[in-house]
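1. build me a model from this:
(one chain, ligands or ions: 1)
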Amino acid sequence: MGFVDKLKQQASSLGSQIDQALDSTKQKGQIGSLRKQRGEMVSQLGEALLEQFRQQQLDVEQLRPQADQIFNLEWQIIEAEKVIEAQKQAAAAATPPPQAPAAAQAPPAPPAAAAPAPPQPAQTGTVTCPSCGGEVPTDSAFCPNCGAKV
Ligand SMILES: [Zn+2]
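-> Residues are numbered from 1 along each chain as shown. All right, here's what the predicted structure looks like:
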């Protein structure tokens, strides 16, 4: 099977909803060949234009058919890219990304609450007895150890 035949076959399968992934691959191959064709034609157009310059017979309209062919190729490339994009979106809509259940990955349990700290003499709210050095509540007028006035 010749390359051109393959292209025709690809063109006839456009729009098929079957084997979208395969079509997408074919589309990409087709776009590649269209771009190559476009590059070759742009090169030919440039050569023709250059020849006109050389002959000093510049006639842009004479080159219009070639330019139109290139524009047509560009249109085909854009259309093929649209098909690929549509296929991507269709595939994405058909298979939404799996979403992890909310409870599946519960955060690690927080560390157990710290055991209540043993009661400690309040560091604030006490003063040191000037007489015996013991702790005296600030609201006490006298040291509970030695009875000294604080
Ligand atoms: Zn005291």
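2. the helices in this structure, which residues?
-> Remark: helices assigned in the chain by DSSP state H are 3-12, 20-55, 60-94.
3. out of those, which gets nearest to the ion?
-> Closest approach to the ion among the helices of the chain (C-beta to the ion): helix 60-94, 81.2 Å. Where you see a C-beta, it was placed from the backbone N, CA and C, and this is true even at glycine.
4. quick one, that closest one and helix 20-55 angle?
-> 160 degrees (axes from the mean of the first three to the mean of the last three C-alpha atoms, to 10 degrees).
5. show me what helix 60-94 is packed up against.
-> Here helix 60-94 touches helix 20-55, going by 3 or more C-beta pairs under 8 Å, 6 or more residues apart in numbering; DSSP states H and E.
6. buried set for the helix it packs on?
-> By neighbour count on 16 or more other C-beta atoms under 10 Å, the buried set for helix 20-55 is Gln20, Asp23, Ser24, Lys26, Gln27, Gln30, Ile31, Leu34, Arg38, Met41, Leu45, Leu49.
7. residues of the chain that sit close to the ion?
-> Applying C-beta under 5 Å from the ion, we find that the chain lies next to the ion at Cys129, Ser131, Cys132, Gly134, Cys143, Asn145, Cys146, Ala148.
8. pLDDT for those - can I get that in JSON lines?
-> Shown next, in JSON lines, are the residues of the chain next to the ion (pLDDT from 0 to 100):
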{"residue": "Cys129", "pLDDT": "92"}
{"residue": "Ser131", "pLDDT": "93"}
{"residue": "Cys132", "pLDDT": "94"}
{"residue": "Gly134", "pLDDT": "92"}
{"residue": "Cys143", "pLDDT": "92"}
{"residue": "Asn145", "pLDDT": "92"}
{"residue": "Cys146", "pLDDT": "95"}
{"residue": "Ala148", "pLDDT": "92"}
